[in-house]
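Trainee: whatever this is, show me its structure:
(2 chains)
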Amino acid sequence: MLYSKSFIFTLREDPKTAECISHKLLLKGSYLFMVSSGIYSYLPLGFRVLENVSNIIRKHMNSKGAEELLMSALQPIEIWQKTGRHEVLKDVMFKFKDRKNRNLCLGPTHEEEITEIVRKYVSSYKQLPRILYQIQTKFRDEIRPRFGVVRSCEFIMKDAYSFDIDENGLNENYNKMFSAYKDIFKECGLEFITTEADSGAMGGSASHEFMVPAEIGEDILCECEKCGKHFKETENCPHCATKLKEKRMIEIGHVFKLGTKYSAAQEALYLDNSGKRKPTIMGCYGIGVSRVLAAIVETNYDEKGIIWPKSVTPFDATLVCLDEKIKSEAISLGEKLEKTGLKILIDERSEGAGVKFNDAYLIGSPYMVIMGKNYVSYGKIDLEERKTKEKKSFSEQELISFLKEAYNK
RNA sequence: CGGGGCGUGGCUCAGUCCGGCUAGAGCACUUGGUUCGGGACCAAGGAGUCGGUGGUUCAAAUCCACUCGCCCCGACCA
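Mentor: Numbers count the residues shown, from 1 in each chain, chains lettered A, B, ... in the order given. Down below sits the predicted model:
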């Protein structure tokens, strides 16, 4: 992809409207466009990362037998009245009437809707268990949106729902999702911890949160530096009595055992093998996809910009050409690399070296490939690793092999 | 909702306290030229209802009132 043809317009100065790292860098690097407070558009760069994260999620969800669907964002209020959550969530719901005076909301979450779907189609224990998930936009009228896409009024969420005939089935699916989440966050390059959590407005018997330690975290956990364990309470460590240290955390995922709260209220019933009607046993499992993006930036950056993990980077390498004379060679090398399946941002702009280097750092590809005087004089292509700043010099063939190996292409 | 900060070309800001005549700078953009391995230089140029409304005044970016928006802290958070 040629830089000059890409919708990439980095800012030289820090945007004034942003305070936290991820917000600042994502705006500065033209990943995000701020529409209004708590409302963001994803520009092509940001969308690439979002797609990468989404595809990692899909891979691991599918491997656990979950099936993807896409539910409506518009929901009639009636389905919420069945569970009483039109009252519980009334302050966060965006509510309005359509031309027929029908009461609608923009879905803040989808337990009610998925339960309606399963109620309609599932009537026998033979049709269970099931796990369904979607990656979709959620709408919440936040009291105070902040930190860019960490807490916004419109955000992208992966929400999965499991339906079982008994507690054992629920536990099995819960564990499957728990383990998928660990794989997902690990693959996204996140250092995370898990902790038991309150079920809050979701209801249900058990729940765990996945947290990423970060300065702007809105949750506080107490860490035992000796055991490496985390607790909600501030008392001393129950295992070794060490004094606990408070750490700020960003919540990126949350899994719940819901039980029959929704299935009973909405009559999502099935017949068991003795012909008895029973509510399905549910679990729900959420990942804030757009928040994952922010969490990755919050924990992977330096003074020059973002440092993307290889798994989610919008480009595997930025190829900067520093000499007009070798522009066609640079483009042809970039295209060769792209043919191997690598995503290359070819910076063939007529800009000074400093501008190109700094844009490459800001955008944050794991590698920068440099074609300039070393190529003109010795046929050598330089490569700089974003994270370590380590530099290597290669022939064209060596460089192609190196990058192919780095990305298993 | 309470507390604090801010709003001036696309971006970052000066000017506001103490009103004054054609509203500035740097960056970005356009044209021409020189540069070119670390955010270049020269010349010319385009771009602004000073967030909005109302008021005070001979005169308002500047003072007053109201209002809208953004950021931060707090309450809240599936």
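Trainee: what's around the nearest residue to residue A:148 once chain neighbours are set aside, how many residues?
Mentor: The shortest distance from residue A:148 to any non-neighbouring residue, by Cβ to Cβ, 6 or more residues apart in numbering, is to residue A:23 (3.1 Å). Any C-beta I mention is one placed from the backbone N, CA and C, and that applies to glycine too. Residues lying near residue A:23 (other Cβ atoms under 10 Å) number 24.
Trainee: separation between residue A:23 and RNA strand B?
Mentor: Residue A:23 sits 6 Å away from RNA strand B, going by Cβ to the nearest atom of the strand, to the nearest Å.
Trainee: and the residue nearest to residue A:346 when sequence neighbours are not counted, helix, strand or coil?
Mentor: Nearest residue to residue A:346, sequence neighbours excluded (Cβ to Cβ, 6+ apart): residue A:334, at 3.8 Å. At residue A:334 the chain is in helix, as set by DSSP: H, G, I helix; E, B strand; the rest coil.
Trainee: quick one: low-confidence ranges for the stretch 151-300 of chain A?
Mentor: A:199-203 (pLDDT under 70).
Trainee: returning to that earlier point: so what's the residue nearest to residue A:346 up against?
Mentor: Taking Cβ atoms under 8 Å, 6 or more residues apart in numbering, we find residue A:334 in contact with A:319, A:344, A:346.
Trainee: check the secondary structure at the first one for me.
Mentor: Spelled out, it's residue A:319. Secondary structure for residue A:319, judged by three-state DSSP, is strand.
Trainee: that one reaches residue A:346, doesn't it?
Mentor: Yes: between residue A:319 and residue A:346 there is a contact under Cβ atoms under 8 Å: 4.9 Å.
Trainee: shared neighbours of these two, anything?
Mentor: A:330, A:334.
Trainee: okay, the contacts of residue A:334 in JSON lines with distance to RNA strand B next?
Mentor: JSON lines is the format used below for these (distance: Cβ to the nearest atom of the strand, whole Å):
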{"residue": "A:319", "distance to RNA strand B": "12"}
{"residue": "A:344", "distance to RNA strand B": "17"}
{"residue": "A:346", "distance to RNA strand B": "16"}
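Trainee: now render these as CSV, adding pLDDT and neighbour count.
Mentor: Below are the contacts of residue A:334 laid out as CSV (pLDDT from 0 to 100; neighbours: other Cβ atoms under 10 Å):
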residue, pLDDT, neighbour count
A:319, 98, 27
A:344, 98, 24
A:346, 97, 28
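Trainee: how about the residue lying closest to residue A:70 once chain neighbours are set aside: which residues does it bridge to?
Mentor: Nearest residue to residue A:70, sequence neighbours excluded (Cβ to Cβ, 6+ apart): residue A:134, at 5.2 Å. Residue A:134 forms beta bridges with residue A:159, as assigned by DSSP bridges.
Trainee: and residue A:134, how close does it get to residue A:161?
Mentor: 9 Å (Cβ to Cβ, to the nearest Å).
Trainee: neighbour count: the two, which is higher?
Mentor: Using other Cβ under 10 Å as the criterion, residue A:134 and residue A:161 rank with residue A:161 on top: 29 against 17.
Trainee: tally of neighbours for residue A:322?
Mentor: The number of residues near residue A:322, taken as other Cβ under 10 Å, comes to 21.
Trainee: for residue A:405, same thing?
Mentor: 9.
Trainee: mind giving me the packing neighbours of the strand or helix carrying it?
Mentor: Residue A:405 is part of helix A:396-406, with elements assigned from DSSP states H and E. Where contact means 3 or more Cβ pairs under 8 Å, 6 or more residues apart in numbering; DSSP states H and E, helix A:396-406 is packed against helix A:327-339, strand A:367-371, strand A:381-385.
Trainee: counting by contacts, list what the second one packs against.
Mentor: Applying 3+ Cβ pairs under 8 Å, 6+ apart, one finds that strand A:367-371 makes contact with strand A:317-321, helix A:327-339, helix A:353-363, strand A:381-385, helix A:396-406.
Trainee: which residues are in contact with it?
Mentor: Applying Cβ under 8 Å, 6+ apart, the external contacts of strand A:367-371 come out as A:316-323, A:326, A:329-330, A:333, A:344, A:357, A:360-361, A:381-386, A:399, A:403, A:406.
Trainee: just the buried ones from these?
Mentor: Listed as buried from the contacts of strand A:367-371 are A:316-322, A:326, A:329-330, A:333, A:344, A:357, A:360-361, A:381-384, A:386, A:399, A:403, A:406; burial here means 16 or more other Cβ atoms under 10 Å.
Trainee: so who does the residue nearest the centre of chain A touch?
Mentor: Nearest to the mean C-alpha position of chain A, by Cα atoms, centre = their mean, lies residue A:289 at 2.8 Å. For residue A:289, the contact set (Cβ under 8 Å, 6+ apart) comprises A:50, A:53-54, A:57, A:135, A:155-158.
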